[in-house]
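[1] here is the input, now give the coordinates:
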Amino acid sequence: RDKSATENIPLEEARKGLSMGGPITIRQVTSMDRKLEVRERMKRRYAFKNYPDEFTFRCKCIVVFQNLDGVDVILFGLYVFEHDEKNPAPNTRTVYVSYLDSVHYMRPRRMRTLIYHEILISYLDYVREKGFKTAHIWACPPLKGDDYILYAKPEDQKTPRDDRLRQWYLDMLVECQKRGIVGKVTNMYDLYFADGKNDATVVPYMDGDYFPGEVENIIKDIEDGKAGKKSSTAGKKKKANKAKKKKSGRGGTRSTGIDEDALAASGIIPPGVETKSLQEGGRDYVMAKLGETIQPMKESFIVAFLASDSATPEQLVVPKAIQEYREKHGIGTTTRTTSNSTSTVSVDPIKKEEPTQNETAVKTESAPEVATSKPPGGESSTIQTSQPEDKSKT
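    Next comes the predicted model:
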């Protein structure tokens with residue numbers, strides 16, 4: 001009655017909005033092998049290091065349906081890319097959360113975050129048991145009017161801001177840490193770019209990620225500079241980027257303190273620009289330039305170390321509050337000590353069988369009971385699982 005009066009809607013409609021939805025189905029609808037070819041400039045610049053020509057990975061799509069008024073309605077979609085142990089470095093045993101999208105029709109709405117977090121938590125636990133080492137997430141909300149997976153969102157559905165989406169992922173990873181699924185959580189900049197000795201070959205090369213495209217642009221700028229070319233298109237792009245950075249508050253002073261336009265005009269080549277300099281151990285100009293670009297937004301490039309049996313003690317370090325939580329809830333743990341701190345994590349034996357390609361469905365009795373993994377110290381949920389006998393690729 002309060003909802004009806006407040007929102008000035010019929011009583012029946014208000015009751016419908018507060019009612020429980022029907023059963024929820026979680027289904028893997030795609031599992032296929034794909035190939036990512038390394039772009040030409042990246043391949044050419046780092047050929048002396050035998051950088052791979054391509055990376056193969058498994059693309060999976062997981063969707064969530066809820067039965068609403070007798071109809072199964074798709075509410076959530078998740079695309080993940082799995083690079084297994086057969087992949088060369090730097091992609092070996094890495095998982096990339098590529099796309100995630102949803103619409104807010106779930107009943108009751110307040111269950112959305114809980115359920116979607118549980119799906120991600122359970123997936124990370126699954127790949128951890130398969131022996132994967134790291135999970136990479138680029139927390140990048142779509143621009144207004146754009147859609148990642150589900151087309152035509154409800155008009156009253158808001159797009160989350162950068163900071164809110166980032167926190168949504170971090171809250172999920174904190175829960176993973178509490179359950180011993182994830183160890184250290186860091187970001188791409190601190191992990192790869194903070195060390196000046198690293199070059200671009202240490203950064204995972206993922207389909208659809210920020211890194212491959214931006215690296216190609218930087219190498220192109222280097223090559224254009226060598227040839228003494230400076231096209232009007234490049235100039236317009238540079239001005240547009242500067243305006244965009246200023247508007248978004250993500251601009252900043254170059255860490256080198258060098259006027260690069262004047263440097264290019266003088267004909268002086270900075271260290272690390274030429275491949276010869278790289279071969280002699282010089283700092284990689286591409287890495288330095290890209291690091292300057294992502295540093296202001298580094299927290300959006302999340303890297304989580306999975307608590308697999310191959311993880312090092314340093315990769316399993318978690319905040320003190322997480323350790324205390326594990327101890328309080330009596331989680332089965334293995335204690336690993338480093339010179340600076342102690343990390344207590346739950347480590348399960350790794351299952352070495354190959355990932356299956358068959359479709360998996362998970363049905364729940366009612367929306368509030370949905371949980372695809374059990375929180376420590378919490379009540380278990382009633383879950384029915386079934387796997388079709390068809391072994392063909394879906």
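[2] give me the next element, helix or strand, following the helix or strand where Val73 lies.
    Applying DSSP states H and E as the criterion places Val73 in strand 71-83. Next along the chain after strand 71-83, taking DSSP H and E as the criterion, comes strand 94-102.
[3] helices or strands up against that following strand?
    strand 71-83, helix 112-129, strand 134-138 (3 or more Cβ pairs under 8 Å, 6 or more residues apart in numbering; DSSP states H and E). The C-beta positions use only the backbone N, C-alpha and C, and glycine is treated the same way.
[4] pick the most buried one from the ones you listed.
    strand 134-138 (a mean of 23; mean count of other Cβ atoms under 10 Å).
[5] which helices and strands sit right next to the helix or strand that that strand is followed by?
    Heading C-terminal from strand 134-138, the first helix or strand you meet, by DSSP H and E, is helix 162-178. Under the contact definition 3+ Cβ pairs under 8 Å, 6+ apart, helix 162-178 sits against helix 112-129, strand 182-187, strand 301-306, helix 320-328.
[6] before we move on, the earlier item: between the helices and strands packed on strand 94-102, which gets nearest to Ser98?
    Minimum separation from Ser98 across these (Cβ to Cβ) falls at strand 71-83, 4.4 Å.
[7] quick revisit: could you dump the strand holding Val73 to PDB, C-alpha only?
    Taking Å, rounded to 0.1, in the frame of the first residue of the first chain, the C-alpha atoms of strand 71-83 are listed here in PDB:
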ATOM      1  CA  VAL A  71       8.600 -16.500 -19.100                       C
ATOM      2  CA  ASP A  72      12.300 -17.100 -18.800                       C
ATOM      3  CA  VAL A  73      13.900 -13.700 -19.100                       C
ATOM      4  CA  ILE A  74      17.600 -13.200 -19.600                       C
ATOM      5  CA  LEU A  75      19.000 -10.800 -16.900                       C
ATOM      6  CA  PHE A  76      22.800 -11.200 -17.000                       C
ATOM      7  CA  GLY A  77      25.600 -12.100 -19.300                       C
ATOM      8  CA  LEU A  78      29.300 -12.700 -18.700                       C
ATOM      9  CA  TYR A  79      32.100 -13.400 -21.200                       C
ATOM     10  CA  VAL A  80      35.400 -14.800 -20.000                       C
ATOM     11  CA  PHE A  81      38.600 -15.700 -21.800                       C
ATOM     12  CA  GLU A  82      40.700 -18.600 -20.500                       C
ATOM     13  CA  HIS A  83      44.400 -18.900 -21.500                       C
END
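[8] counting contacts, what elements does that strand pack onto?
    Right, strand 71-83 is packed against strand 54-68, strand 94-102, helix 112-129 by 3+ Cβ pairs under 8 Å, 6+ apart.
[9] output the helices and strands packed on strand 94-102 as a markdown table; include the columns distance to Val203 and mean pLDDT.
    Formatted as a markdown table, the helices and strands packed on strand 94-102 follow (distance: least, Cβ to Cβ, whole Å; pLDDT from 0 to 100):
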| stretch | distance to Val203 | mean pLDDT |
| --- | --- | --- |
| strand 71-83 | 13 | 96 |
| helix 112-129 | 20 | 96 |
| strand 134-138 | 10 | 97 |
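[10] of all these, which one is nearest Asn8?
    Comparing these by Cβ to Cβ, helix 112-129 comes nearest, at 25.2 Å.
[11] burial count for Pro23?
    Using other Cβ atoms under 10 Å, Pro23 is surrounded by 16 other residues.
[12] and the one 4 residues further on, by the same measure?
    As a burial measure, the neighbour count of Arg27 was computed by other Cβ under 10 Å and equals 17.
[13] show me what counts as buried in the strand or helix carrying it.
    Arg27 belongs to strand 24-37 when assigned by DSSP H and E. By 16 or more other Cβ atoms under 10 Å, the buried positions in strand 24-37 come out as 24-28, 31, 36.
[14] kindly reformat these as a markdown table containing pLDDT.
    As requested, the buried residues of strand 24-37 are exported to a markdown table (pLDDT from 0 to 100):
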| residue | pLDDT |
| --- | --- |
| Ile24 | 94 |
| Thr25 | 96 |
| Ile26 | 96 |
| Arg27 | 96 |
| Gln28 | 96 |
| Ser31 | 97 |
| Leu36 | 97 |
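[15] and which of these is nearest to Ser122?
    Distances from Ser122 to the buried residues of strand 24-37, taken by Cβ to Cβ, are shortest for Ile26, at 9.0 Å.
[16] how much space between the closest one and Ile74?
    To Ile74, Ile26 is 11 Å away according to Cβ to Cβ, to the nearest Å.
[17] can you list residues touching both of those two?
    63-64 (Cβ atoms under 8 Å, 6 or more residues apart in numbering).
[18] buried stuff in stretch 49-57?
    Buried residues in stretch 49-57 (16+ other Cβ under 10 Å): 51-52, 55, 57.
[19] which residues are contacting it?
    So stretch 49-57 is contacted by 33-38, 42-43, 81-84, 86-88, 91, 199, 201, 205, 207 (Cβ under 8 Å, 6+ apart).
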